[in-house]
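prediction below, plus the sequence it came from.
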Amino acid sequence: MHHISITPFSANGITYTPSAKPIVVICMDGSADEYLDTTLAHDRMPNLKKMILQGYRGMVRGALPSFTNVNNASIVTGVSPAVHGICGNFFYDAEKDEEVMMNASAYLRAETLLAAAADAGRKVAVITAKEKLRDILSHQLTGIAFSAEKAAQVNLETHGIENVETLTRQKTPAIYSADASLFVLKAGVSLLKQGVADFLYLSLTDYMQHTYAPDTEESLAFYEAQDAEFGKMLQLGAIIGATADHGMNAKVKADGSPNVLFIETMLTEKFGKGFRVICPITDPYVKHHGALGSYVVVHMDDISRIDEVKNWLTLQPGITEVYDKKTGCHILEQPADRSGDLFVLSGRDVVVGKTAAHHDLNALDGTLRSHGGRYEEMVPMVISHPLNTIYKLKAQGDPRNFDIFDFTVNGTQ
Ligand code: ZN
Ligand code: ZN
């Protein structure tokens, strides 16, 4: 076993005091608690069961909107979107009159604890399923960072590692597959085993959860395969912290068809022109959700009608929360300069979109399961080792999914 640094480090006001054990934090993308519960009930996650019995399992509150990059940015910084600035895949820059992608670390306003850990001497590795996350997660990081999606294209200079396919004995997986996530876990095991990393962040992808409900065989087998990798990490002496970026719910009517409210169409029909709806879930991975989630932002040309519009929207069936900018930024922890005039959230089985023409529902693999709103906000947290007294108490408070590094590093000794 190589030497593991125990030098404390700080990021965004939080101090981390690691022990000399490898740390592995896993973001099980889209893992609503039902996925763990169902697979555990089928006795197909023996290692997770062991972790829960000797360590901790509870629920934690994610960041809103309950999207992937928002919560991944929170997990690696330890702070909310209001602080780190990443509030979706897209935002509307009113000054430039442009819809701007937010996938680059240039939009990140906080330092990452991963970079701080590396500067303190930890051997840090970030492995993500989707390439789109790599830039944000590896911001100012001296260490290893690569994605399953582009594993064949890594080089030492930009990724801190080379020959990933040889090193991990795995071929680059298809992005719409269980393997895209399993590759990340297996690669993590390889790096641990070879001693090239001792502080890992492994971020999976939610293609499987978008496509399969918890009680399907596809889903059970997927979680069972993840569990096998957890077992190998435990055997290698790692402390594991696992959580999710968001949950996942079916967004369909009783007949199985997508349950969508096209907000821009609704507002234009009721109030006339002058509305721009932004769906911050929009990303290049169209098979997941057709850019439909349970959260949109509305920009208005005529702000004088805002109360009228807000009150009307609030009363529409399927809409659960509507906030103006000031209230929304406070309650939803959003950065004001990247938000709109109204925030709109929908029910557990409802998604909100722009106009029918804007969304390609034919691209979906099967049914519509998605996230983004309040009903995907609460997610599981599992820590493989017993919590100390202070963190047992913290766990009874209002712990966040982005406290996962804090719990895993500071809460287990
Ligand atoms: Zn996600
Ligand atoms: Zn998703």
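Thanks, I have it. Ligands and ions are numbered 1, 2, ... in the order given.

residues touching the residue lying closest to residue 94 once chain neighbours are set aside, list them.
Closest residue in space to residue 94, ignoring its immediate chain neighbours: residue 299 at 6.7 Å, by CB to CB, 6 or more residues apart in numbering. For every residue, glycine as well, the C-beta is placed using N, CA and C. By CB atoms under 8 Å, 6 or more residues apart in numbering, residue 299 lies in contact with 92, 94, 275, 276, 277, 278, 340, 341.

gap between the one helix or strand residue 299 maps to and the chain center?
Assessed by DSSP states H and E, residue 299 sits inside strand 295-300. In this view, strand 295-300 has its centroid 21 Å away from the chain centroid, taken as CA atoms, centre = their mean, to the nearest Å.

which positions in the chain make contact with ligand 1?
29, 30, 68, 206, 245 (CB under 5 Å from the ion).

picking up where we left off before, pLDDT score assigned to the residue nearest to residue 94?
Model confidence at residue 299, given as pLDDT, is 96.

burial of the residue of the chain found nearest ligand 2, as a residue count?
Using CB to the ion, the closest approach of the chain to ligand 2 is made by residue 206 at 4.2 Å. Neighbour count of residue 206, defined by other CB atoms under 10 Å: 29.

give me the phi and psi angles of it.
The phi/psi pair for residue 206 (degrees, to the nearest 10) reads phi -100, psi 20.

residues contacting it?
Contacts of residue 206 (CB under 8 Å, 6+ apart): 29, 30, 31, 68, 245, 248, 288, 371.

determine which two of those residues are furthest apart.
Within the contacts of residue 206, 31 and 288 form the most distant pair, 14.6 Å apart (CB to CB).

per-residue pLDDT of the residue nearest to residue 361 when sequence neighbours are not counted, please?
Of all residues not flanking residue 361 in the chain, residue 290 sits nearest, at 5.0 Å (CB to CB, 6+ apart). For residue 290, the pLDDT comes out at 82.

re earlier: where is pLDDT lowest across the contacts of residue 206?
Taken together, the contacts of residue 206 show their lowest pLDDT at residue 288, with 71.

give me the number of residues near that residue?
A count of neighbours around residue 288, defined by other CB under 10 Å, yields 28.

helix/strand/coil for residue 87?
coil (DSSP: H, G, I helix; E, B strand; the rest coil).

distance check, it against ligand 1.
15 Å (CB to the ion, to the nearest Å).

I'd guessed that residue sits against residue 335; true?
Yes: with contacts counted by CB atoms under 8 Å, residue 87 reaches residue 335, the gap being 5.8 Å.

tell me, what's touching those two both at once?
residue 81.

ok, these two, which is more surrounded?
residue 87 (28 against 18).

which non-adjacent residue is nearest that one?
In space, residue 87 is closest to residue 81, 4.6 Å off (CB to CB, 6+ apart).

residues contacting the residue nearest to residue 39 when sequence neighbours are not counted?
Of all residues not flanking residue 39 in the chain, residue 223 sits nearest, at 4.0 Å (CB to CB, 6+ apart). With contact set as CB under 8 Å, 6+ apart, residue 223 has these partners: 35, 36, 39, 44, 45.

quick check: residue 223 is in a helix.
Yes: membership of residue 223 in a helix is supported by three-state DSSP.

what's the residue nearest to residue 87 sitting at in phi/psi?
The phi/psi pair for residue 81 (degrees, to the nearest 10) is phi -60, psi -30.

sorry, back to before: buried subset of the contacts of residue 206?
Buried subset of the contacts of residue 206 (neighbour count, 16 or more other CB atoms under 10 Å): 29, 30, 31, 68, 245, 248, 288, 371.

which among the residues you listed gets closest to ligand 1?
Using CB to the ion, those come closest to ligand 1 at residue 68, 3.1 Å.

low-confidence regions, the chain specifically.
When residues are selected by pLDDT under 70, those of the chain lie in 1, 284-287, 365.

got the domain ranges for it?
According to automatic domain parsing, the chain comprises the domains 9-247+377-410, 260-370.

what about the first one, start to end distance?
With CA to CA, to the nearest Å as the measure, domain 9-247+377-410 spans 11 Å from end to end.

please apply the same query to the last one.
Counting by CA to CA, you get 11 Å between the two ends of domain 260-370.

buried ones in stretch 352-365, by neighbour count?
352, 353, 354, 358, 359, 364.

the residues of the chain next to ligand 1 in helices, which ones?
Under the assignment DSSP state H, these contribute residue 68 to helices.

Provide the backbone phi and psi angles at residue 411.
phi -90, psi 0.

ok, the closest residue in space to it that isn't next to it in sequence - contacts?
Distances taken as CB to CB, 6+ apart place residue 391 nearest to residue 411, at 3.1 Å, with adjacent residues excluded. When contacts are counted by CB under 8 Å, 6+ apart, residue 391 touches 407, 410, 411, 412.
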